[in-house]
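1. Kindly return the folded structure for what I paste below:
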Amino acid sequence: MTVFEELERRGLLAQLTDKKEIEELINAGKATFYIGFDPTADSLHVGHFMALCLMKRLQMAGNKPIVLLGGGTGMIGDPSGKTDMRKMLTPETIAHNIECFKKQMSRFIDFSDDKAIAVNNADWLMNLNYVELLREVGANFTVNRMLAAECYKQRWEKGLTFLEFNYMIMQSYDFYRLYQDYGCNMQFGGDDQWSNMLGGTELIRRKLGKDAYAMTITLLLNSEGKKMGKTEKGAVWLDPEKTSPYEFFQYWRNVADADVIKCLKMLTFEPIEKIEEMEQNLEGAGFNQAKELLAYSLTELVHGKEEADKALEAAKAVFSGGGNSENMPSTAIPAEKLTDGKINILNLLVECKLVPTKSEGRRNVQQGGISINGEKITDPNAEIVLDGEVIIKKGKKVFHKATIA
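-> Have a look, this model is predicted:
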C-alpha cells in the first residue's frame, strides 16, 4: 500500500488540484510541501493536530515539510470560516507565540539534517512595498473571483474589512515565495483554505509559468457536523499547562461512539488494517476499547509514554470507583477561601474550573450532576468540608481532586 493510498483509506483527503501528480510526488518522496500556522495563541490546539499528523506521515515517507509560521499573516488574521474579525495581536505577542509553536512542533516533525525547515512569512511580508505589491501581485487577482471565494462568505453579514480581504493575496504570495526560495511544490491545509490555496497555485502559474499543487485535508468534524476540539472550558490545547495530559486523555476517551473509528483513522498511527478490523466488529465493550486506544495513542504522541501511562492509570482508577487519584487533575484551594475548613459547593466548582460561573454550577448541582466523594450533592448551599482531599465528579465522566493549598 502506498502512502497516498493510506491517506485515502484513512479519509484524510478532501480536494486536490491534480490527483495524479500529487500522488506520484508523494509516493516517490519528492514533495516539498508546506502548511501554514498563524500564531493566534501561545499553544497549538486540536485544530492543528491533523495537519501535524499529516506532516509527520509524509515526512516518514521521505517528503520534506516546510512549517510556515505566520508572523506576517498573523498581523491580519485569516477570515476563513469566521463570522467576526480576529483579534489584532501585537508583534511581541506574535513572536512569543511563534516560539511556543516551534517547541511543540518538534514533537511531531524531525527538523534535523535539513529534513524539515521552519520559516516565518514576516521575513518577506513585512518589508513589502505596497505599490510594488499591487503591480506585481494584485494585477493577477480579479475582485470578482475573490468575492466568490468560500472563505469570505461568513464575513459578509457583519462586513468584510479591506484588511481581511488582502489575506488571500498574502497567502498566495507566501506560496509564490516558498516556491522560488525553497522549491516548495505543494501546499496542504484545511478544507476551508481551498480558495486561498488555489490563489497561490494560480499566482505561481501566472508569474513563473510553473505548476504547483494544492491539497486540502478533511476537517475534523464530529457526527453532528461540529468541529472537534472544544470543551466547556474552551479549546483542547497541546500545551500541558493549558490542558493537562489527563484532561487531554479524557477528551478523546469520551468521544461519541460514532466518532471513534474516524478519529483513529485520521489522527493515530495505528495500522489502518487494525482499525478497519476493529470497525467490522465494533459493538458493546468494543467501543470502550477503541476509545481507550484512541486516547492512549494521542496522549502518547503529544505528551509521551510516561504521561499516557499515568493518564490511563488515573482513568481506570476513578472509573472503577476509587483507587489511586495521584494522576487525577487537581486544584489546591487557598486556605483563605475556606471558612472553618469548609467551602460552598458552587465556589468549589468555580475554583476548580469545572464550571465557568456559579449560575452554571447551580444548574449542575440542582440537576444532580455533582458528587463529592461518591455522594450526590443537590443543594447549591451545601458546605463541603475540605479535610485532606475530596474527589469531585461532574456528570458521568469528569473527575477532579481538590486539596488545601
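2. Going by neighbour count, list what's buried in the top helix by length along the chain.
-> Criterion DSSP state H: the longest helix present in the chain is helix 285-303. Buried residues in helix 285-303, defined by neighbour count with 16 or more other Cβ atoms under 10 Å: 287, 290-303. (Glycine included, C-beta is placed from N, CA and C.)
3. same question, stretch 361-370
-> Within stretch 361-370, the residues scored as buried using 16+ other Cβ under 10 Å are 361-362, 364-365, 369-370.
4. from those residues, which is closest to L89?
-> Within the buried residues of stretch 361-370, proximity to L89 (Cβ to Cβ) peaks at G361, which comes in at 32.6 Å.
5. name the element that closest one belongs to?
-> Element membership for G361 (DSSP states H and E) is helix 358-366.
6. which stretches of the stretch 1-150 of the chain form helices?
-> All helices of the stretch 1-150 of the chain, identified by DSSP state H, counting those that start in this stretch, fall at 3-9, 19-27, 46-60, 91-105, 122-125, 130-136, 143-147.
7. hmm, back to that, tell me which helix or strand comes right after the longest helix of the chain.
-> helix 305-319.
8. Tell me which helix or strand comes right after that following helix.
-> Helices and strands here follow DSSP H and E; after helix 305-319, the next one along the chain is strand 330-333.
9. what residue ranges in the stretch 1-150 of the chain score low on pLDDT?
-> Low-confidence segments of the stretch 1-150 of the chain, defined by pLDDT under 70: 77-87, 144, 146-150.
10. one step back: from the buried residues of helix 285-303, which is closest to F37?
-> V302 (15.9 Å).
11. what sits against the closest one?
-> Contact analysis of V302 by Cβ atoms under 8 Å, 6 or more residues apart in numbering lists 107, 238, 245, 248.
12. Make TSV out of those and add neighbour count and distance to A405.
-> What follows is those, written out as TSV (neighbours: other Cβ atoms under 10 Å; distance: Cβ to Cβ, whole Å):
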residue	neighbour count	distance to A405
R107	14	32
L238	24	27
P245	22	22
F248	25	24
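13. Now render those as a markdown table, adding secondary structure and distance to D123.
-> Formatted as a markdown table, these follow (DSSP: H, G, I helix; E, B strand; the rest coil; distance: Cβ to Cβ, whole Å):
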| residue | secondary structure | distance to D123 |
| --- | --- | --- |
| R107 | coil | 25 |
| L238 | coil | 25 |
| P245 | helix | 35 |
| F248 | helix | 33 |
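14. ok so, going back, let me know the average pLDDT across the longest helix of the chain.
-> Here helix 285-303 scores 91 as its mean pLDDT.
15. With stretch 395-405 instead?
-> 80.
16. about what we covered before: in JSON lines, list the buried residues of stretch 361-370 along with distance to N63.
-> Output for the buried residues of stretch 361-370, formatted as JSON lines (distance: Cβ to Cβ, whole Å):
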{"residue": "G361", "distance to N63": "50"}
{"residue": "R362", "distance to N63": "54"}
{"residue": "N364", "distance to N63": "48"}
{"residue": "V365", "distance to N63": "53"}
{"residue": "G369", "distance to N63": "48"}
{"residue": "I370", "distance to N63": "50"}
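17. Can you say which two of those are spatially most distant?
-> Farthest pair in these, by Cβ to Cβ: R362 and G369, 10.9 Å.
18. quick one: contacts of the helix holding G361?
-> Contacts of helix 358-366 with the rest of the structure, by Cβ under 8 Å, 6+ apart, involve 345-347, 349-350, 354-355, 370, 377-380, 382, 394.
19. Quick check: the farthest pair among the residues you listed?
-> Within the contacts of helix 358-366, two members stand farthest from each other by Cβ to Cβ: V350 and T378, at 18.0 Å.
20. neighbour-wise, which of those two wins?
-> V350 (16 against 12; other Cβ atoms under 10 Å).
21. Fine by me, we can end here.
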